[in-house]
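Trainee: Starting from these lines, generate the structure:
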Amino acid sequence: MTLFEECTAVLQKYSIIEDKELENQILSNIHLTFYGKADFSMYADSHEVSLDEIRLLSGDYYVVWSDCTIPIIKCNISDILDNIDDVLAVSFDTWIISVDMKQIIEFYHEGDITSGNIL
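Mentor: Reported below is the predicted structural model:
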């Protein structure tokens, strides 16, 4: 069983994004530096956040992993956070983007969690 399969096995409800146009739209909201970290100078109100702060959010989010061979999924934020260890184990870095594509949260492999508003 792969780490992705282990992750999806613990999530209550999720869907895999198979629409290439939607996938491209989601990916176009991730602006990276040359070393693979999100370039938060490209987002408004960027700041480090804690898991407790993220737990105040609600709704569905897209989960994008740094390994481009892993599909993007859509899942409820509380389900993501309830299983955060499994979600983060899938790949090196992880980004979650609100389904309205107004917010991005990066879980960087060095432990930083940063949030920003998509312009």
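Trainee: which residues sit in contact with D79?
Mentor: Each residue near D79 by CB atoms under 8 Å, 6 or more residues apart in numbering is listed here: L11, Q12, K13, Y14. (Each C-beta comes from the backbone N, C-alpha and C, glycine too.)
Trainee: Secondary structure element for it, which one?
Mentor: helix 77-82 (DSSP states H and E).
Trainee: buried sites along that helix?
Mentor: I77, D79, I80, L81 (16 or more other CB atoms under 10 Å).
Trainee: now stretch 106-119
Mentor: E106, F107, Y108, T114, S115, G116, I118.
Trainee: Extract the C-alpha trace of that stretch and format it as PDB.
Mentor: Taking C-alpha atoms only, stretch 106-119 is exported to PDB below (Å, rounded to 0.1, in the frame of the first residue of the first chain):
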ATOM      1  CA  GLU A 106       1.700  25.400   2.900                       C
ATOM      2  CA  PHE A 107       3.000  22.600   5.000                       C
ATOM      3  CA  TYR A 108       6.700  22.900   4.300                       C
ATOM      4  CA  HIS A 109       8.900  19.900   5.000                       C
ATOM      5  CA  GLU A 110      11.000  21.900   7.600                       C
ATOM      6  CA  GLY A 111       7.900  22.300   9.700                       C
ATOM      7  CA  ASP A 112       6.700  25.800   8.800                       C
ATOM      8  CA  ILE A 113       3.000  26.300   8.200                       C
ATOM      9  CA  THR A 114       2.200  29.400   6.200                       C
ATOM     10  CA  SER A 115      -1.100  30.800   5.100                       C
ATOM     11  CA  GLY A 116      -1.800  33.500   2.400                       C
ATOM     12  CA  ASN A 117      -4.700  34.900   0.500                       C
ATOM     13  CA  ILE A 118      -4.600  34.200  -3.300                       C
ATOM     14  CA  LEU A 119      -4.800  37.400  -5.300                       C
END
